[in-house]
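[1] fold the stuff below for me.
(one chain, ligands or ions: 1)
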Amino acid sequence: MIWRGEGLKIVLVPTMGFFHEGHLALMKHGRTLGDRLVVSLFVNPAQFGPSEDLQRYPRDLDRDAGLAREAGVNVLFTPSPEQMYPEGYQTYVTVEKLSQGLCGASRPGHFRGVATVVLKLFNLVQPHLAVFGEKDYQQLMIIRRLAADLNLPMDIVGCPIVRESDGLAMSSRNAYLTPEERAAALSLSYALKGAQKLAAAGEKSREKILDLVKRIITREPHTRIDYISLVHSDTLEEVDILKDEARLLLAVWVGSTRLIDNALLPEARYTCCV
Ligand code: AMP
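    A predicted model of the protein is given here:
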């Protein structure tokens, strides 16, 4: 990288494209953190299971390129699957414990694919810093662990979840939702808000908090809970009693679309990228 030699600070935002305001917020923040902004766009086959939505994952490269340009991205890096995984490819990275529960339990091999592609992107781009969204909270914790465990000479920065005006967490997969499913999907953020209010009112019991969340989500049609979990913010270990703060994480099928969302309990008074 010529830029490194020139002493410029390189920031990387890894994505799978089909940009929305969540991606653009990471880019905007990334721009403030360095001198050059690289965004990778790669729908990574290694993180999709055989029955998952790799083929139908939404793609629109022309639109994404325009949005990246407007966001001041210096390089939009769009490798092909063949370039990333040429014939004979056989090396994978696993962040052992953090990858096991939550989304890792529902999507075997998913985080192995994520950790592998992210490490490859880090090696290819050689950024000083990479930005990830808290929307994929378990992923963020896994990447932080990967960077620490493998002594990667870079910083990992997390950014808060960007939501639609009615509360739905932005996601490329929201494009799959029918109007009725879109309405039902609101129950995820609504339930998280409810849990935050309950925790703010002094409720400490995991059972009572999860019960409320479950009730709010299951009263909507089209919803099927994959998991709801209250975990320690760093270790992702289950907590029984809310002490200082914890993360409430959930994954819910809405029709044939699996959505994830999460929130800090009790609610943070200030949100900023860290
Ligand atoms: P994706 O393209 O879905 O793999 O996401 C690329 C990056 O954008 C990841 O670090 C995600 O956590 C982040 N991201 C996706 N949706 C949001 C959102 N609604 N708010 C904040 N970050 C997001």
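[2] ok, Asp35 touching Ile10?
    Yes - shown here, Asp35 and Ile10 form a contact pair, counting by Cβ atoms under 8 Å, at 7.3 Å. For the C-beta atoms, the positions are set from N, CA and C on the backbone; glycine is no exception.
[3] the two: who's more crowded?
    Neighbour tally, Asp35 and Ile10, criterion other Cβ atoms under 10 Å: the higher count belongs to Ile10, 22 against 14.
[4] count the neighbours of the nearest residue to that one once chain neighbours are set aside for me.
    In space, Ile10 comes closest to Pro127 once its chain neighbours are excluded; the distance is 4.6 Å by Cβ to Cβ, 6 or more residues apart in numbering. Neighbour count of Pro127, defined by other Cβ under 10 Å: 27.
[5] in a helix, Ala147, correct?
    Yes - using DSSP: H, G, I helix; E, B strand; the rest coil, the secondary structure at Ala147 is a helix.
[6] element containing the closest residue to it other than its chain neighbours?
    Nearest residue to Ala147, sequence neighbours excluded (Cβ to Cβ, 6+ apart): Ile156, at 5.2 Å. Secondary structure assigned from DSSP states H and E places Ile156 in strand 155-159.
[7] what ranges do the helices span in the stretch 1-150 of the chain?
    In the stretch 1-150 of the chain, the helices defined using DSSP state H, counting those that start in this stretch lie at 2-5, 21-33, 61-70, 81-84, 103-106, 110-125, 137-149.
[8] can you redo those as JSON lines with mean pLDDT, mean neighbour count and distance to the ligand?
    Formatted as JSON lines, those follow (pLDDT from 0 to 100; neighbours: other Cβ atoms under 10 Å; distance: least, Cβ to the nearest ligand atom, whole Å):
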{"stretch": "helix 2-5", "mean pLDDT": "89", "mean neighbour count": "11", "distance to the ligand": "22"}
{"stretch": "helix 21-33", "mean pLDDT": "98", "mean neighbour count": "19", "distance to the ligand": "3"}
{"stretch": "helix 61-70", "mean pLDDT": "98", "mean neighbour count": "14", "distance to the ligand": "10"}
{"stretch": "helix 81-84", "mean pLDDT": "98", "mean neighbour count": "12", "distance to the ligand": "15"}
{"stretch": "helix 103-106", "mean pLDDT": "98", "mean neighbour count": "18", "distance to the ligand": "12"}
{"stretch": "helix 110-125", "mean pLDDT": "98", "mean neighbour count": "20", "distance to the ligand": "9"}
{"stretch": "helix 137-149", "mean pLDDT": "98", "mean neighbour count": "20", "distance to the ligand": "6"}
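[9] columns distance to Leu230 on top of those, output as TSV?
    What follows is the helices of the stretch 1-150 of the chain, written out as TSV (distance: least, Cβ to Cβ, whole Å):
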stretch	distance to Leu230
helix 2-5	42
helix 21-33	24
helix 61-70	35
helix 81-84	36
helix 103-106	15
helix 110-125	20
helix 137-149	13
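[10] looking at the ones you listed, spot the one closest to Gln47.
    The closest of the helices of the stretch 1-150 of the chain to Gln47 is helix 110-125. By Cβ to Cβ, the value is 3.1 Å.
[11] relative orientation of the closest one and helix 137-149 in degrees?
    Taking axes from the mean of the first three to the mean of the last three Cα atoms, to 10 degrees, one finds helix 110-125 and helix 137-149 inclined to each other by 50 degrees.
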